[in-house]
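1. Sequence and computational prediction follow.
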2 protein chains.
Amino acid sequence: MSQQVERYVHLKSLIDVRLAAIIQRDKPETMYTPARYVLEAGGKRIRPVLILLACEAVGGVLEHAVDAGVAVEILHNFTLVHDDIMDNADQRRGRATVHKKWDTNVAILVGDELIGIAYKCLLGTPDGDIREIIDVFTDGMMEVCEGQSYDKEFEGQVRVTEEEYLMMVGKKTGELVKMSAELGAIIGGATPAQRAALISYARHIGRAFQIQDDLLDVVADEKEFGKVIGGDIIEGKKTYLLVKALGLAAGADLEVLLHVAAKGETRPGLVAEVTDIYDRLGVLDTAREQIRRDTDDAIAALAELDETPGREMLVWFAEMLLRRNF
Amino acid sequence: MSQQVERYVHLKSLIDVRLAAIIQRDKPETMYTPARYVLEAGGKRIRPVLILLACEAVGGVLEHAVDAGVAVEILHNFTLVHDDIMDNADQRRGRATVHKKWDTNVAILVGDELIGIAYKCLLGTPDGDIREIIDVFTDGMMEVCEGQSYDKEFEGQVRVTEEEYLMMVGKKTGELVKMSAELGAIIGGATPAQRAALISYARHIGRAFQIQDDLLDVVADEKEFGKVIGGDIIEGKKTYLLVKALGLAAGADLEVLLHVAAKGETRPGLVAEVTDIYDRLGVLDTAREQIRRDTDDAIAALAELDETPGREMLVWFAEMLLRRNF
């Protein structure tokens, strides 16, 4: 295991330990049993690790960013619980989603409660201006909700431009990544230039991460991915691949893609068919190139920071996200 | 119009004006059109007016409590939007609920976004320790979610004790009323004794308010109430009336009440039948007495405060809630 992997695993475990202990209550049972189920489901903990790394990279005390890290991870989990209801998703991280295992009412309430738990956690942050920290956190939460709202609106539209797609994912996925870097910067006492650099870094890895996610939906291994392959195609999601492909396709290919985009009936073999179209149109490669470019730009933004082991970790982190297959 | 009514209307308008201007964005449309719809629906604005009155009654600057008042009202509206989904309610304040007028996904997201808007508003508060203010606010929000969770659990139980009922409504309804008084006290710079007195006052009026709500479900005028009469009976809600009546009924009456409590099929005339049982068992009177007692206790708690016009307004406020028929 490389030194960086070891460090990532260590930081991830700091978060996991805190998450496992965060819920102290047992009743009401239909609230706290599913809430625990969600928080103990594992996950990559990318956002909280980013907070810790950003804090450290600007010379802050890493431990002071743990509360904010846990808060962002809980907020992220709130969005997953509610999004899974809206997307009618059966599985998450290889297990039944909350609304499937319990019911929709439970999932709505557990998501709501997780927001409260996240704020409680955030309030534990010892450094930085707490008013500013909560302001950034709240802005991020609202942007994520807007992003999900656009995502659902786009499901009802056949055509979505690449610009609209990037705006939507910038809110839905990018915002929490950006918020993580920004909170780490604030808590670590970053200069305005360092803060801006970390935000730019996060914007790029956030976008790369989402495009990677869209790509993995068609090329990943189902078991490692923890979700059904081709789920986005079946759902008619406006992904990077679909939006790009719609701009390039013609004839029978275009017909198939429009059928997907219009959320038409699914049929056996549709996922393989669409994946083949993506491949032939070159959008899988275009996606890979965009991910590479965003990762490079993210790393370039770090030049603003001093050359420290913390900065090196951020470089490794961006590369690690690029190589992930989960 | 009495001086107090005039003052209440004035304070309410301060809140209404702010609420009408709070949403500056138009897009995504499926987010902000329904969010505006909710915030402009009117309502008694009891919680924010209580914040203002509590702040004033301890000698604080009323204007400094407006942001917190608006925040609590928005938080209250979030709970209504999500509760209406869970309760499958068609109407609220005489209009279609969000999930009926739009859909469940929209209602989930709008509720989530309202939480964010509420926190943003709260952050505008100029006085008091913002960390403490946000802590109290977040605790309140979590308690409300727990209350709703218990409420849904109780729907699945035939028997609920009076103690369980009071615990549940203490969270679901009482908590936001208590939080309002407490935030007003904090922002107004209350002494610990004043703060405790205001919390006690709020606990009593909060309980009276909920029992009144349960009572109005069977005795109110549908148009003034803005909800369908007997809705709680049809839903099999464990109300103060039902819980009390189940403890007193026997024979055919008990059978009918158990049918309601078990959420059995509704039938024409069931609401009138159950209302008649409540009347014969005296639980309508018991409810009225309990409301009167809680109102008296609330007013008695105010003895801790200096004799000011602000305190007089709180006395009037408790009496006004007792007399309401909406």
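-> Nice, I can see it.

2. Which residues of the stretch 151-300 of chain A lie near chain B?
-> With C-beta under 8 Å from any C-beta of the partner chain as the criterion, the stretch 151-300 of chain A meets chain B at residues A:152-153. C-beta here means a position set from N, CA and C on the backbone, and glycine is covered the same way.

3. which stretches of the stretch 151-300 of chain A have low pLDDT?
-> A:225-227 (pLDDT under 70).

4. Go again with 90.
-> Applying pLDDT under 90 to the stretch 151-300 of chain A flags the ranges A:155-156, A:158, A:220-229, A:231, A:234-237, A:263-267.

5. A:Glu304: what's it in contact with?
-> Contact analysis of A:Glu304 by C-beta atoms under 8 Å, 6 or more residues apart in numbering or on different chains lists A:193-194, A:196-197.

6. Could you rerun that using 10 Å?
-> By C-beta atoms under 10 Å, 6 or more residues apart in numbering or on different chains, the residues touching A:Glu304 are A:190-191, A:193-198, A:200-201, A:311.

7. Derive a PyMOL selection command for the buried subset of those.
-> Of the contacts of A:Glu304, the buried ones can be selected in PyMOL as follows, counting by 16 or more other C-beta atoms under 10 Å in any protein chain shown:
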select buried, chain A and resi 190+194+195+197+198+200+201+311
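
8. Using CSV, lay out the contacts of A:Glu304 together with secondary structure.
-> Listed next are the contacts of A:Glu304 as CSV, based on DSSP: H, G, I helix; E, B strand; the rest coil:
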residue, secondary structure
A:Ala190, coil
A:Thr191, coil
A:Ala193, helix
A:Gln194, helix
A:Arg195, helix
A:Ala196, helix
A:Ala197, helix
A:Leu198, helix
A:Ser200, helix
A:Tyr201, helix
A:Arg311, helix
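
9. Closest one to chain B out of the contacts of A:Glu304, please.
-> Checking the contacts of A:Glu304 against chain B with C-beta to the nearest C-beta, the nearest one is A:Arg195 at 19.5 Å.

10. Once you drop chain neighbours, what's closest to that closest one?
-> Excluding the flanking residues, the one nearest A:Arg195 by C-beta to C-beta, 6 or more residues apart in numbering or on different chains is A:Ala185, at 4.2 Å.

11. Now name the helix or strand holding that neighbour.
-> Using DSSP states H and E, A:Ala185 sits within helix A:175-188.

12. and the residue of the stretch 201-326 of chain A found nearest chain B, how many residues sit next to it?
-> Evaluated by C-beta to the nearest C-beta, the stretch 201-326 of chain A has A:Glu235 as its residue closest to chain B, separated by 13.0 Å. If you count neighbours by other C-beta atoms under 10 Å in any protein chain shown, A:Glu235 ends up with 18.

13. can you pull the contacts of the closest residue to it other than its chain neighbours?
-> Leaving aside its sequence neighbours, A:Glu235 sits nearest to A:Asp87 (C-beta to C-beta, 6+ apart; 6.5 Å). Each residue near A:Asp87 by C-beta under 10 Å, 6+ apart is listed here: A:80, A:97, A:148, A:151-152, A:155, A:231-232, A:235, A:237, B:105.

14. Please apply the same query to A:Trp102.
-> A:30, A:33-34, A:37, A:96, A:109-110.

15. Relative to B:Leu176, how far out is it?
-> Separation of A:Trp102 from B:Leu176 (C-beta to C-beta, to the nearest Å): 25 Å.

16. before we move on, back to that, in a markdown table, list the contacts of A:Asp87 along with distance to A:Cys55 and secondary structure.
-> What follows is the contacts of A:Asp87, written out as a markdown table (distance: C-beta to C-beta, whole Å; DSSP: H, G, I helix; E, B strand; the rest coil):
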| residue | distance to A:Cys55 | secondary structure |
| --- | --- | --- |
| A:Leu80 | 24 | helix |
| A:Thr97 | 32 | coil |
| A:Gln148 | 28 | helix |
| A:Asp151 | 30 | helix |
| A:Lys152 | 34 | helix |
| A:Glu155 | 37 | helix |
| A:Gly231 | 35 | helix |
| A:Asp232 | 34 | helix |
| A:Glu235 | 37 | helix |
| A:Lys237 | 34 | coil |
| B:Asn105 | 36 | helix |
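
17. tell me which of the residues you listed is nearest to A:Val70?
-> A:Val70 lies nearest to A:Leu80 out of the contacts of A:Asp87, by C-beta to C-beta, at 15.5 Å.

18. ok, of the contacts of A:Glu304, which one's closest to A:Val160?
-> Looking across the contacts of A:Glu304 and measuring by C-beta to C-beta, the closest to A:Val160 is A:Ser200, at 25.6 Å.

19. Now do the contacts for the closest one.
-> With C-beta under 10 Å, 6+ apart, A:Ser200 has these contacts: A:178, A:181, A:297-298, A:300-302, A:304.

20. ditto for A:His64
-> Neighbouring residues of A:His64 by C-beta under 10 Å, 6+ apart: A:52, A:55, A:124-128, A:187-189.

21. Just flag the most distant two among the residues you listed.
-> A:Gly124 and A:Gly189 (17.8 Å).

22. These two - which one has more neighbours?
-> Counted by other C-beta under 10 Å, A:Gly124 and A:Gly189 do not tie: A:Gly189 has more neighbours, with 16 against 13.

23. Look up how far A:Val58 lies from that one.
-> From A:Gly189 across to A:Val58, the span is 7 Å (C-beta to C-beta).

24. do A:Gln4 as well
-> With the distance defined as C-beta to C-beta, A:Gln4 ends up 19 Å from A:Val58.

25. Give me the more crowded residue out of those two.
-> Using other C-beta under 10 Å, the more surrounded residue of A:Gln4 and A:Val58 is A:Val58, with 24 against 16.

26. Look at that one and report its pLDDT.
-> We have a pLDDT of 97 for A:Val58.

27. Would you mind measuring from A:Asn77 to chain B?
-> Per C-beta to the nearest C-beta, to the nearest Å, A:Asn77 is found 13 Å from chain B.

28. still on that earlier bit, what's the residue nearest to A:Arg195 in contact with, if anything?
-> A:51, A:54-55, A:57-58, A:60, A:65, A:128, A:136, A:191-192, A:194-199, A:202.

29. If anything else comes up later, I'll come back, but that's it for now.
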